[in-house]
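Asker: no sequence on hand, only this structure:
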């Protein structure tokens, strides 16, 4: 491109021409080079590679009267109008040459004095050309004339094979499609008697519409046909209707909408940001497109989905912000309360129900349904029953939900990244025997209501990771209220920060673990004992650290996690008791190369650590059923779960509080009394 520019300049110099009189040559590295030329107060771009011209801008946008654009510049046809080219101009009439085939977003938007536009014969669609820098709600004709409130007539060149104009209104050439009604033309003066299709942008931005009755015989409503009609609260649709276009009612004021039988697809953006109170979908609907009802169900309590529905698109029923100014979600009693998704649904898209915080009852299909990432993120789901055929719980699927009890069905092999992260109400989690991987931050902050720094004894206090799990990823349980966890002997990989900032008092690594070279328990202030297997082949001081001064100095924007190398680690505080299943000689061999200077820590920190050799987890303290060497509320919680078939007792004999040789609810009562001090020390003897 640069060589081309130099050649052009050389040719012009050789002809003895004055450079200051030349058109400007723009040679961008990432865009097609062009030459700027001005004709009758209008700037045009001639694209050197493409061999065509486009309208760039007006020299003076205060020009009034009629503006007629050139059809040829520098010997080449003018085929397009750039985005925003004539925006905010003051002309009253605009005439496009027949050579125009494309128009960029907002090309002549907000021209408040514009009353008449003559479209070109070369224009075959009102869809327009989307551009990267345009950030409006809609592209195409809707953006071209948005803000042109005095537009009275749309005409078109007689050579057009696509459009015709009748009384200033744009129709298809055969008269069967109504395309565009100028903003200043009253909607109720439009003759629809011969029309079978209401086309794209037909009544776009007609704020005077409060209700509309689509006549029988209309088979199709095109893209954005009633978009931005925020005052339209009612519409009746005919039985003849079978097709709906993208964004057909986007930004309208509809409160109630009944889709007639025969419509099979609800398109994307269909009712985007519409304050619906009720939707009636026919049994004929098989798909709901992306963002179809995004921010449209703030006032709905129930949602009936048709039994034949097959797919729910991304963000289809997601909510993120109130539609009405001043609306306060947290004080409004309304909102989607329950959803039953039929068994026919094969796919629930990404973010499909995002942000439905009042959604407490959810029925998922019993079939083999794909539930995509973030599908129910930040919903108020209190109880969850996953389909039995579920194999993988996708990233963020139930992030921030409010369920208390979670039983993941047999068949699930992976819980992916942040699947149940920030489910702060979680009290119980039962994992299936088929599980193989617990993903990154899968249960981050699960069950924790008070955040970091203040340890509470609610939430997920104990969890059994079943045999078969081989990988627990980065930060899987970080920030949760775990008091006790049982890890399986099948575990091979443990991600760093796996148990950071939990309430763990004791952590036992299973046989089979060969490497512990990162930190796993930073911020675990209650941690006083770690059990290490004799299968270890390498270990770093970080693995037995319960605290340290940490500083993140490298942040990766393209991923959730970071590497240990991204942190500065100093002033290690180690767990006071380390129980090693191997011999003292084996321990010395493992730790002989420990370099505490790498962590800006004095080696004397090991003086506070007692290493026990040939040690297995055990305890003889009455009440200490989790064998952590202490009798605390964690033991009571564990015994309570064990009595209902959940959790594991590491020292069950210690739970026999009344000495009758049987573990039952009477022991739980005795334990509770002891912890409350009702019977004092006598209860512990």
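Answerer: Yep, that arrived. The shown structure was predicted, so the numbers you read here are calculated from the model rather than taken from an experiment. Residues are numbered from 1 along each chain as shown.
Asker: now the helices for the chain?
Answerer: Remark: helices assigned in the chain by DSSP state H are 2-14, 141-144, 584-591, 633-643, 665-676.
Asker: format these as TSV; extra columns: distance to residue 237 and mean pLDDT.
Answerer: Glycine gets a C-beta too; all of them are placed from N, C-alpha and C. Shown next, in TSV, are the helices of the chain (distance: least, C-beta to C-beta, whole Å; pLDDT from 0 to 100):
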stretch	distance to residue 237	mean pLDDT
helix 2-14	56	36
helix 141-144	21	94
helix 584-591	74	96
helix 633-643	54	82
helix 665-676	61	88
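Asker: in this structure residue 433 contacts residue 465, no?
Answerer: No. Using C-beta atoms under 8 Å, residue 433 makes no contact with residue 465, being 10.8 Å away.
Asker: okay, those two: which has more neighbours?
Answerer: Taking other C-beta atoms under 10 Å, residue 433 and residue 465 do not tie; residue 465 has more neighbours (19 against 11).
Asker: what's near enough to touch that one?
Answerer: If a contact means C-beta atoms under 8 Å, 6 or more residues apart in numbering, then residue 465 has 431, 435, 438, 472, 485-488, 491 as its contacts.
Asker: sitting in strands, which of the residues you listed do you find?
Answerer: 438, 472, 485-486 (DSSP state E).
Asker: filter the residues you listed down to the buried ones, PyMOL style.
Answerer: The following PyMOL command selects only the buried members of these, with burial defined by 16 or more other C-beta atoms under 10 Å:
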select buried, resi 438+472+485
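Asker: and which of the ones in strands among the contacts of residue 465 is nearest to residue 598?
Answerer: Taking C-beta to C-beta as the measure, residue 598 lies nearest residue 472 of the ones in strands among the contacts of residue 465, at 25.3 Å.
Asker: list the beta-bridge partners for that closest one.
Answerer: Residues in a beta bridge with residue 472, per DSSP bridges, are residue 438, residue 494.
Asker: thought it was touching residue 492?
Answerer: No. Using C-beta under 8 Å, residue 472 is not in contact with residue 492; the gap is 9.7 Å.
Asker: so how many other residues sit close to residue 279?
Answerer: So residue 279, with other C-beta under 10 Å, has 22 neighbours.
Asker: meant to ask about residue 634, not that
Answerer: 25.
Asker: returning to what we had before: save the helices of the chain as JSON lines, and put in distance to residue 40 too.
Answerer: Below are the helices of the chain laid out as JSON lines (distance: least, C-beta to C-beta, whole Å):
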{"stretch": "helix 2-14", "distance to residue 40": "24"}
{"stretch": "helix 141-144", "distance to residue 40": "22"}
{"stretch": "helix 584-591", "distance to residue 40": "85"}
{"stretch": "helix 633-643", "distance to residue 40": "83"}
{"stretch": "helix 665-676", "distance to residue 40": "91"}
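Asker: out of those, which one sits most buried?
Answerer: Comparing the helices of the chain by mean neighbour count (mean count of other C-beta atoms under 10 Å), helix 141-144 comes out on top with a mean of 27.
Asker: which residues sit against that one?
Answerer: Applying C-beta under 8 Å, 6+ apart, the external contacts of helix 141-144 come out as 103, 105-109, 126-128, 134, 136, 180, 200-201, 204-205, 224, 227-228.
Asker: switch to 6 Å and redo it
Answerer: Residues from elsewhere that reach helix 141-144, judged by C-beta atoms under 6 Å, 6 or more residues apart in numbering: 103, 105-109, 126, 136, 180, 201, 204, 224.
Asker: lowest-confidence member of these, which is it?
Answerer: Checking pLDDT across the contacts of helix 141-144, the minimum falls on residue 136 at 57.
Asker: hmm, back to that, out of the contacts of helix 141-144, which are buried?
Answerer: When the contacts of helix 141-144 are checked for burial by 16+ other C-beta under 10 Å, the buried set is 103, 105-109, 126, 180, 201, 204, 224.
Asker: what's the end-to-end length of stretch 343-361?
Answerer: Distance across stretch 343-361, first residue to last, is 16 Å (C-alpha to C-alpha, to the nearest Å).
Asker: and the strands in the stretch 351-500 of the chain?
Answerer: 361-363, 370-371, 392-393, 405-407, 414-415, 428-430, 437-438, 462-464, 471-472, 484-486, 493-494 (DSSP state E, counting those that start in this stretch).
Asker: which one of the ones you listed lies nearest to residue 314?
Answerer: So among the strands of the stretch 351-500 of the chain, strand 370-371 is nearest, using C-beta to C-beta, at 12.4 Å.
Asker: show me what that closest one is packed against.
Answerer: The helices and strands touching strand 370-371, judged by 3 or more C-beta pairs under 6 Å, 6 or more residues apart in numbering; DSSP states H and E, number zero.
Asker: list the buried ones in stretch 542-556?
Answerer: 542-548.
Asker: and for stretch 304-311?
Answerer: Those would be 305-306, 309, 311, for stretch 304-311 by 16+ other C-beta under 10 Å.
Asker: hang on, the earlier thing: can you redo the contacts of residue 465 as JSON lines with distance to residue 668 and pLDDT?
Answerer: Formatted as JSON lines, these follow (distance: C-beta to C-beta, whole Å; pLDDT from 0 to 100):
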{"residue": "431", "distance to residue 668": "24", "pLDDT": "92"}
{"residue": "435", "distance to residue 668": "29", "pLDDT": "96"}
{"residue": "438", "distance to residue 668": "30", "pLDDT": "97"}
{"residue": "472", "distance to residue 668": "30", "pLDDT": "97"}
{"residue": "485", "distance to residue 668": "21", "pLDDT": "90"}
{"residue": "486", "distance to residue 668": "20", "pLDDT": "89"}
{"residue": "487", "distance to residue 668": "26", "pLDDT": "94"}
{"residue": "488", "distance to residue 668": "27", "pLDDT": "93"}
{"residue": "491", "distance to residue 668": "31", "pLDDT": "95"}
